[in-house]
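Asks: Task: produce atomic coordinates for the following.
(one chain, ligands or ions: 1)
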Amino acid sequence: MSLHLDGVTLAYPPARSGRRDEPPVLRDLSLAIEPGAFVSVIGRSGSGKTSLLNLAAGFVAPSGGSVRVDGERVEGPGAERAVVFQDDALFPWASARDNVAFALRLRGLPGAERRTRAEALLASVGLAGAGDKAIWELSGGMRQRVGIARALAAEPRYLLMDEPLGALDAMTRERMHEFLLGIWQRSGAGILLITHGIEEALFLGTRVVVLAGRPGRIIADMPASYGRRFLRGEPARAIRADPAFVADRNALADMIHDEAERAA
Ligand SMILES: Nc1ncnc2c1ncn2[C@@H]1O[C@H](COP(=O)(O)OP(=O)(O)OP(=O)(O)O)[C@@H](O)[C@H]1O
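Replies: Numbering: from 1, shown residues only. Next comes the predicted model:
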């Protein structure tokens, strides 16, 4: 039972330059996301992180290898794999509740049930009572939580997130980390998080996967348990100041830096 990328290669059609010798974006990459795992993916810009997520989401098909959910080959997007982007396309004029209810409508739930369920989903992301507010009235962090509530409407088994916190200020981002861990714990979903934030990846993930560029491949897969420690009650500040955390963070930063130097 997992979301499996099995020896995937992804080559986009040759660019207009006509260069056919360019390495593929991803080559022979394997990654399994078990239910309940929180897999953070980091890597320098252009290393193929978004391409990896697009494959897992079924937005693009691999040129080689396979993407499977519970052994079934993925042929396109599916309700069991919800995707959250940095700039989620919420309807700005509609209320938070209607934005979430819209996703429930796609699932064919009747009106009254949609309303109740949308309220419950908003409450689960800490937005109880904000259902009547229009999206344009909400802060960036609140909007992103509406986006996550909408993604959770499909009761996905996998939550695939591409830089979901990228547009938020540092303080809001830290609060969102704690909130994301709560969502992860309550939903039991397997999470794939693409991020530029090394500290974020390490604080949240049960694994931190490091991608290297062209061809995109995994150069490290580090287990981590800082998020679990937070969920057990340890303060976030104490965790981030823990020498073990600092050493892991520095090791990841060095890996990305060294790889970039080699590539240059
Ligand atoms: N649709 C596409 N067609 C052709 N090439 C693409 C396409 N999408 C991405 N690429 C190329 O694939 C490579 C990896 O891009 P990708 O967006 O996956 O990297 P990334 O690690 O997510 O980058 P960033 O951190 O900047 O978002 C880049 O060289 C990019 O130019």
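Asks: rest of the way, CA atoms for contacts and neighbours
Replies: Fine.
Asks: CA-only coordinates of the helix or strand Ala118 falls within, as PDB, when you get a sec.
Replies: Using DSSP states H and E, Ala118 sits within helix 111-124. As requested, the backbone C-alpha atoms of helix 111-124 are provided in PDB (Å, rounded to 0.1, in the frame of the first residue of the first chain):
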ATOM      1  CA  GLY A 111     -26.300  20.900  -0.600                       C
ATOM      2  CA  ALA A 112     -27.000  20.700   3.100                       C
ATOM      3  CA  GLU A 113     -24.300  18.000   3.600                       C
ATOM      4  CA  ARG A 114     -21.800  20.000   1.700                       C
ATOM      5  CA  ARG A 115     -22.300  23.000   4.000                       C
ATOM      6  CA  THR A 116     -21.900  21.000   7.200                       C
ATOM      7  CA  ARG A 117     -18.900  19.100   5.800                       C
ATOM      8  CA  ALA A 118     -17.300  22.300   4.500                       C
ATOM      9  CA  GLU A 119     -17.600  23.800   8.000                       C
ATOM     10  CA  ALA A 120     -16.100  20.700   9.600                       C
ATOM     11  CA  LEU A 121     -13.100  20.800   7.100                       C
ATOM     12  CA  LEU A 122     -12.600  24.500   7.800                       C
ATOM     13  CA  ALA A 123     -12.600  23.800  11.500                       C
ATOM     14  CA  SER A 124     -10.100  21.000  11.000                       C
END
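Asks: Of all the residues in it, which ones are buried?
Replies: Within helix 111-124, the residues that count as buried by 16 or more other CA atoms under 10 Å are 114-115, 117-122, 124.
Asks: tell me what that helix is packed against?
Replies: With contacts taken as 3 or more CA pairs under 8 Å, 6 or more residues apart in numbering; DSSP states H and E, helix 111-124 sits against helix 96-106, helix 140-152.
Asks: Mind giving me the packing neighbours of the last one?
Replies: Okay, so that is helix 140-152. Contact analysis of helix 140-152 by 3+ CA pairs under 8 Å, 6+ apart lists strand 81-85, helix 96-106, helix 111-124, helix 170-187 as its packing neighbours.
Asks: if you set the cut-off to 10 Å instead, what comes out?
Replies: strand 81-85, helix 96-106, helix 111-124, strand 158-162, helix 170-187 (3 or more CA pairs under 10 Å, 6 or more residues apart in numbering; DSSP states H and E).
Asks: between these, which gets nearest to the ligand?
Replies: Among those, strand 158-162 comes nearest to the ligand, with 8.3 Å by CA to the nearest ligand atom.
Asks: on that earlier part again, can you lay out the helices and strands packed on helix 111-124 as JSON lines showing mean pLDDT and distance to the ligand?
Replies: Conversion of the helices and strands packed on helix 111-124 to JSON lines gives the following (pLDDT from 0 to 100; distance: least, CA to the nearest ligand atom, whole Å):
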{"stretch": "helix 96-106", "mean pLDDT": "86", "distance to the ligand": "26"}
{"stretch": "helix 140-152", "mean pLDDT": "87", "distance to the ligand": "18"}
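Asks: residues in this structure within reach of the ligand, list them.
Replies: By CA under 6 Å from any ligand atom, the residues of the chain that approach the ligand are 12, 25, 44-51.
Asks: Which members of these are classed as buried?
Replies: Among the residues of the chain next to the ligand, the ones that count as buried by 16+ other CA under 10 Å are 25, 44, 47-51.
Asks: which of those lies closest to Pro243?
Replies: Arg44 (24.6 Å; CA to CA).
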